[in-house]
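Visitor: Generate coordinates for the sequence data below:
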Amino acid sequence: MKKRRESCSRKATPVLTSVIDGNLSLKSKRSQAAMEFLMTYGWAILAAIIVIAVIALYFRPGTLVQNQCILGAPFNCYAGVVDATGGVQIEIANNGGEDVTITGFAVEGCVPQTAVSPALPDSLDANGKKVYTLDCDLSSQIGERFDGEIDVSYTRPNSNLPLTISGKIVDEV
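Guide: Got it, this is the predicted structure:
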């Protein structure tokens, strides 16, 4: 009768009995392999999460300012530069196929807007390019990201109706 109880206790807790007795059965080897697998991959996943968190903390995509200058048709903005002392310079091309007269030029965030050169109104030939400079003081924003909306007002030949096109400029001051 005594032997029967021992065999029942062995069946009830095979892992514990095999550890106490020193007998490693097939079931305990499987559980040991499973635990080693989980521990190894658990540490690897934890390390990967820490690396991703550090990269996200120090290398934020928003801080990597990319110089952008975008204008809608019929214009194209080839380049835009924001300078703390010189203001905003934008190279505009007329892709409309006809001469236009630029009557106004404004950039949001560029305050006070003292002067535009060349002086407005200014003629921009079909398929022609010009650099327009808007003088403003951006010295308080040095090292920061400048993100402003561009408004260009113009008229077409044989028309007095003012048209306005909007765009965007992004640069580091």
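
Visitor: what's the burial count for W43?
Guide: Using other C-beta atoms under 10 Å, W43 has 10 other residues around it. Every C-beta, even on glycine, is put in place using the N, C-alpha and C of the backbone.

Visitor: Equivalent analysis for the one 4 residues further on, please.
Guide: Residues near A47, counting by other C-beta under 10 Å, number 10.

Visitor: Can you tell me how far P162 is from L134?
Guide: 19 Å (C-beta to C-beta, to the nearest Å).

Visitor: Could you check which of these two is surrounded by more residues?
Guide: Comparing P162 with L134 by other C-beta under 10 Å, the one with more neighbours is L134, at 20 against 12.

Visitor: Bridged to the more buried one, which residues?
Guide: Applying DSSP bridges to L134 gives these bridge partners: V88, V116.

Visitor: can you give me the strands in the protein?
Guide: For the chain, the strands defined by DSSP state E occupy 68-71, 75-83, 87-94, 100-107, 115-117, 122-124, 129-135, 145-155, 163-172.

Visitor: domains in the chain, as residue ranges please.
Guide: If you go by automatic domain parsing, the domain ranges for the chain are 2-59, 65-172.

Visitor: average model confidence for the first one?
Guide: The pLDDT scores in domain 2-59 average 72.

Visitor: quick one on the thing from earlier: from the domains of the chain, which stretch is densest packed?
Guide: domain 65-172 (a mean of 16; mean count of other C-beta atoms under 10 Å).

Visitor: So for that domain, mean pLDDT?
Guide: Mean predicted confidence for domain 65-172 is 87.

Visitor: Report the distance from it to the chain centre.
Guide: 24 Å (C-alpha atoms, centre = their mean, to the nearest Å).

Visitor: Same question for stretch 49-58.
Guide: Stretch 49-58 has its average C-alpha position 16 Å from the chain's average C-alpha position, going by C-alpha atoms, centre = their mean.

Visitor: ditto for stretch 36-47
Guide: Averaging C-alpha positions (C-alpha atoms, centre = their mean) puts stretch 36-47 32 Å from its chain's average.

Visitor: Could you do stretch 37-57 as well?
Guide: 24 Å.
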